[in-house]
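Undergrad: Model the following, please.
(one chain, ligands or ions: 1)
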Amino acid sequence: MKLKCPICGSNKTTRKLVGVDHSFSKESFSVFDCNNCGVSFSFPEISEKILSKYYPKEKYQSYKVSVGSPFDMIYKFVRFINSFNKYRLLKNLIKGDVLDYGSGSGFFAGFLRKKNITVYEYEPINSNKNKWRLTKESLKKKKKVFSVITLWHVLEHINDPEKELGFIKSLLKKDSHIVVAMPNKDSYDNIYYNKYWAGYDLPRHRYHFSPKSFSFLCNKVGLKIKRILPMYYDSYYVSVLSEKNKKSMFSFIKGLYIGFVSNLNAIKSKNYSSLIYVLENE
Ligand SMILES: [Zn+2]
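TA: Here you go, the predicted model:
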């Protein structure tokens, strides 16, 4: 089967692998590589109508609030450390209101508010309400308002990232920043785990970017990548989940080891498991 690349329109695509939705539906999905712009994409894409099948609200990790299994507790611990590191990065960029686009449970937005930062949230799936939550309609009225817009592991879920990034760009003030975190398909842990790689998260992740393919998309939208930063803890989290996908014994220990090897490899290659891109509007 030949598919047209949804990002660059090239016909030079090849099926890379067939993987499984390990988390919920257990259905199979394909991942295609574009040999022109370098992006990988999941197929078939999931339409709005059947979204809830793949994002069951009580079970989806980003929406959870309660502490359950030891793995949940580790997730929460890493989330706290990650929030602190994210805050350190954003501190110097924030010169006004912040928008957390795809805010999930709202944990990070709440974390920033405790630092006296005004943070609005947008979250299309999780319907938790608070006074900072904006709908798409109310967002459309907030053109050129925000000094920083963050997308933490969000853009890879979106079916039309070019259109969405263009919209997000229109919400920025002059000399402001978009901060995007995503799994890196050129990471060692992807190469090692291949179809079991938790960074694919099929079919919820529609796109699988590398720095090269993401730079192609940013160019199209008129955004410039100013800096690329590592997320050191994601390699451990993703690798433990990948070991679970493989149903391997001692998944925790093995995952931690591969996570460590991934970070070690990335010292030279810069291909950390997940990357943070700081984008500037031109
Ligand atoms: Zn392409």
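Undergrad: near the ion, which residues of the chain?
TA: Taking Cβ under 5 Å from the ion, the part of the chain that reaches the ion is made up of 5, 7-8, 10, 34, 36-37. In this view, the C-beta of every residue, glycine as well, is placed from N, C-alpha and C.
Undergrad: Narrow those to those in strands?
TA: Cys34 (DSSP state E).
Undergrad: Only whichever of the residues of the chain next to the ion are buried, select them in PyMOL.
TA: Under the burial definition 16 or more other Cβ atoms under 10 Å, those of the residues of the chain next to the ion that qualify are selected in PyMOL by:
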select buried, resi 5+7+8+34+36+37
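Undergrad: can the residues of the chain next to the ion go into JSON lines with extra columns for pLDDT?
TA: Formatted as JSON lines, the residues of the chain next to the ion follow (pLDDT from 0 to 100):
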{"residue": "Cys5", "pLDDT": "97"}
{"residue": "Ile7", "pLDDT": "97"}
{"residue": "Cys8", "pLDDT": "97"}
{"residue": "Ser10", "pLDDT": "97"}
{"residue": "Cys34", "pLDDT": "97"}
{"residue": "Asn36", "pLDDT": "97"}
{"residue": "Cys37", "pLDDT": "97"}
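Undergrad: For His157, state which of the residues of the chain next to the ion is nearest.
TA: Nearest to His157 out of those is Ile7 (Cβ to Cβ; 14.9 Å).
Undergrad: correct me, but the closest one touches Phe41?
TA: Yes: assessed by Cβ atoms under 8 Å, Ile7 is found in contact with Phe41 at 7.5 Å.
Undergrad: got a list of what the spatially closest residue to Cys5 that is not a sequence neighbour touches?
TA: Nearest residue to Cys5, sequence neighbours excluded (Cβ to Cβ, 6 or more residues apart in numbering): Cys34, at 3.8 Å. Going by Cβ atoms under 8 Å, 6 or more residues apart in numbering, Cys34 touches 5, 7-8, 10, 12-13, 40-41, 213.
Undergrad: how about the strands in the stretch 151-282 of the chain?
TA: With DSSP state E, counting those that start in this stretch, the ranges of strands along the stretch 151-282 of the chain come out as 172-183, 207-208, 223-231, 274-281.
Undergrad: Out of those, which is the most enclosed?
TA: strand 207-208 (a mean of 24; mean count of other Cβ atoms under 10 Å).
Undergrad: which residues make contact with that one from outside it?
TA: 7, 31, 39-42, 155-156, 158, 161, 183, 185, 199-200.
Undergrad: at 10 Å what do you get?
TA: With Cβ atoms under 10 Å, 6 or more residues apart in numbering as the test, strand 207-208 has contacts from 6-7, 16, 31-33, 39-42, 45, 155-159, 161, 182-186, 190, 197, 199-202, 213-214, 217.
Undergrad: Turn the strands of the stretch 151-282 of the chain into CSV, columns for mean pLDDT.
TA: Below are these laid out as CSV (pLDDT from 0 to 100):
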stretch, mean pLDDT
strand 172-183, 96
strand 207-208, 98
strand 223-231, 96
strand 274-281, 95
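Undergrad: where in the stretch 51-200 of the chain is pLDDT low?
TA: 57-68, 127 (pLDDT under 70).
Undergrad: Enumerate every residue touching the residue in it positioned nearest to the ion.
TA: Taking Cβ to the ion as the measure, the stretch 51-200 of the chain has Glu162 as its residue closest to the ion, at 11.3 Å. Residues in contact with Glu162 (Cβ under 10 Å, 6+ apart) are 6-8, 217-218, 220-221.
Undergrad: coming back round to it: filter the contacts of strand 207-208 down to the buried ones, PyMOL style.
TA: A single PyMOL command selects the buried members of the contacts of strand 207-208 (16+ other Cβ under 10 Å):
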select buried, resi 6+7+16+31+32+33+39+40+41+42+155+156+157+158+161+182+183+184+185+186+190+197+199+200+201+202+213+214+217
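Undergrad: Quick check: helices, which of the contacts of Glu162 are part of them?
TA: 217-218, 220-221 (DSSP state H).
Undergrad: which among these end up buried?
TA: 217-218, 221.
Undergrad: Just the CA atoms of stretch 114-123, as PDB, please.
TA: This file holds the C-alpha atoms of stretch 114-123, laid out as PDB (Å, rounded to 0.1, in the frame of the first residue of the first chain):
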ATOM      1  CA  LYS A 114       1.400  28.300  42.400                       C
ATOM      2  CA  LYS A 115       4.400  30.300  41.000                       C
ATOM      3  CA  ASN A 116       2.000  33.300  40.500                       C
ATOM      4  CA  ILE A 117       1.800  32.800  36.700                       C
ATOM      5  CA  THR A 118      -1.500  33.400  34.900                       C
ATOM      6  CA  VAL A 119      -2.100  30.100  33.000                       C
ATOM      7  CA  TYR A 120      -5.100  29.400  30.800                       C
ATOM      8  CA  GLU A 121      -5.800  25.800  29.700                       C
ATOM      9  CA  TYR A 122      -7.200  24.200  26.600                       C
ATOM     10  CA  GLU A 123      -8.200  20.600  26.600                       C
END
